[in-house]
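Chemist: sequence and predicted model, in that order:
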Amino acid sequence: MALKGKSILLGVSGGIAAYKSAELVRLFTKAGATVQVVMTANARQFITPLTLQVLSGQPVCTNLFDLEFESQIGHIQVARAAHLAVLAPATANLIAKLAAGIADDYLTTVLLATTAPVLVCPAMNTKMYENLATQKNLETLRTYGHHIVEPSEGTLACKEEGTGRLAELPEILEVAGRILTPATLKGKQVLVSSGPTWERFDPVRFISNPSSGKMGYAIAQVAARRSAKVHLVSGPVSIPAPRGTTLHRVTSAMEMHDLITRLAPQMDVIVMAAAVSDYRPAQMLPQKAKKVGSDLTITLQNNPDILAQLGRSKPQAKQQILVGFAAETENLIENATSKLKAKNLDFIVANNLTQSGSGFGCDTNQVRIIDRSGDSTELPCLLKEEVAERIWDRIERLFQ
Ligand code: CTP
C-alpha cells in the first residue's frame, strides 16, 4: 500500500475545514502512515491540538519557541523526517506565505526547511479562491513543483455556492499515495476490464452475475498510481472510477468485446478482470415479456471469448502482456491452468469463489497466480488493492 511506513507532515491552517484534519489524520494512520501534525495559531481556533495529538499518537507542533522540543532543533528534525508534506486545509494566507517564502511561524518555517514534496489542498471562500492574487500564488507553487488538489464545488460554510470546499479526503489520500509511488509504469498503455456484463432479454430484464468491479478497479487504480496510461473498460457497477484513469462504460459482453478489440493493438498490458457473460439471450424482446402462466424458456447463444481472441491476435510488433482471471468453484489449479494455455496468457489469477474472503463483492481476495512456466504461487488473503499490487509487481518483472 502506497502510504504504508511513510511519514506525513500534516500542516493545518486556520479555516473552517480544519475540523476535517482530524479525519484526515485517522485515514493516513489507517493507511499505515505516521502523521506529524503542525498547526498554525489560527488553526487552533478551529480544532484543538489535543484532538490531533490523540489521533496521530504524536506530539503536535505549534510553537517555534517551545523550550523543550526546540532544544533539539525540533522544527528541522520534523522537516527532515517527512516523506511528504500535506497542507490541508491550506488557506489563502498560507498559500501566499508559501509562494513568497515567508517563514514566520512553525508551519511556514518547516515548509521552507523541508525537501519533501508538498501537496497543497486549498479550502476557502469562492471569491478568495478566485481572487487573482490566490490564483497567481497557486501558479507560483506549481512552478516550485508543489502538487495541488483543487478544491471541489458545493455549498461553503459562508453559505455561498462555488469552488472552495476542501477536496474529498479519499482523493487527498490517493494523490498523496501517487506522489509517493515510483512511476514504474510510466509510458505504458494499460487496459483493465472490470465488472459484470448485462445480457438483456427484454427492456427491463437481463442475465448477469454479482461482480462488484472492486478487483478490476483496484488493478486500474494501482496502475494509474504507478503512472501508466490506464483505460478502464467497465460493465455496470456502482463504484467511482479511480482518479487518473479513462473510464469506458459498457453494458453487454458484445459492447465490451467491440471496445476492447478496438483498443487492444495499442496496449502494452491487458488485464481481463471482468466477469464476462458467456451467453446472451438469442432474442431481445422489444417489450416487457408478460407472464403467461406456464414455464418460460429462453434460448441463449454464445458470446465471444474476448480474452481467447486477444491471445490469438497478439500484436507482432510489440511485447503485449495478457493476464486473465479464473473464477472457479472446483479444481482450481487444473481449470485455471487449462484457461492459461487455451487463451495464450502470460499468467492467470485464480480464485475459488466458494472460499470466504474471496471473490464477488468482498474487499479482500485470496488468489493463486499461475504462469506459463508452470510456477504456481498462492497469496494469502489480502485487500484487493494489495492483490492488485502483487499483480503489477509480477507484470513489471515480465517487462524486465
Ligand atoms: N473472459 C472473456 N470473455 C468471455 C468469458 C471470459 O474475456 N466471454 C475472460 C474473463 O475476463 C477472465 C477469463 O476469461 O479473465 C476466464 O473467465 P472465466 O469466467 O473464469 O472462464 P471462462 O473462460 O468463461 O470459462 P468457464 O465459464 O467455463 O469457467
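Modeler: Structure received.

Chemist: what about whatever residue of the stretch 1-150 of the chain ends up closest to the ligand, neighbour count?
Modeler: Of the stretch 1-150 of the chain, the residue with the smallest distance to the ligand, taken as Cβ to the nearest ligand atom, is residue 1 at 24.7 Å. In this view, the C-beta of every residue, glycine as well, is placed from N, C-alpha and C. The burial metric for residue 1, expressed as a neighbour count using other Cβ atoms under 10 Å, is 15.

Chemist: what's it in contact with, if anything?
Modeler: 31, 32, 177, 383, 385, 386, 389 (Cβ atoms under 8 Å, 6 or more residues apart in numbering).

Chemist: against residue 303, how distant is the nearest residue to the last one once chain neighbours are set aside?
Modeler: Ranked by Cβ to Cβ, 6 or more residues apart in numbering and with sequence neighbours excluded, the top spatial neighbour of residue 389 is residue 222, at 5.5 Å. As defined by Cβ to Cβ, to the nearest Å, residue 222 lies at a distance of 28 Å from residue 303.

Chemist: more neighbours, these two?
Modeler: Applying other Cβ under 10 Å to residue 222 and residue 303 shows that residue 222 carries more neighbours, namely 28 against 18.

Chemist: which strand or helix spans that one?
Modeler: Secondary structure assignment for residue 222, by DSSP states H and E: helix 214-225.

Chemist: same question, residue 283
Modeler: Here residue 283 is covered by no helix or strand, with elements defined by DSSP H and E.

Chemist: narrow the contacts of residue 1 to just the buried residues.
Modeler: When burial is judged by neighbour count using 16 or more other Cβ atoms under 10 Å, the buried members of those are 31, 177, 385, 386, 389.

Chemist: for the residue lying closest to residue 147 once chain neighbours are set aside, give me phi and psi.
Modeler: Across the structure, with Cβ to Cβ, 6+ apart as the measure, the residue nearest residue 147 apart from its sequence neighbours is residue 119 (4.7 Å). Dihedral angles of residue 119 (phi, psi; degrees, to the nearest 10) stand at phi -110, psi 120.

Chemist: now the end-to-end length of stretch 295-311.
Modeler: End-to-end distance for stretch 295-311: 40 Å, by Cα to Cα, to the nearest Å.

Chemist: what number of residues lie near the closest residue to residue 229 other than its chain neighbours?
Modeler: Ranked by Cβ to Cβ, 6+ apart and with sequence neighbours excluded, the top spatial neighbour of residue 229 is residue 189, at 5.1 Å. The local packing count at residue 189 equals 17, with neighbours defined by other Cβ under 10 Å.

Chemist: burial check on the nearest residue to residue 126 once chain neighbours are set aside, number of neighbours?
Modeler: Counting by Cβ to Cβ, 6+ apart, residue 126 lies nearest to residue 162, which is 3.3 Å off, once chain neighbours are set aside. Taking other Cβ under 10 Å as the criterion, the count of residues near residue 162 is 16.
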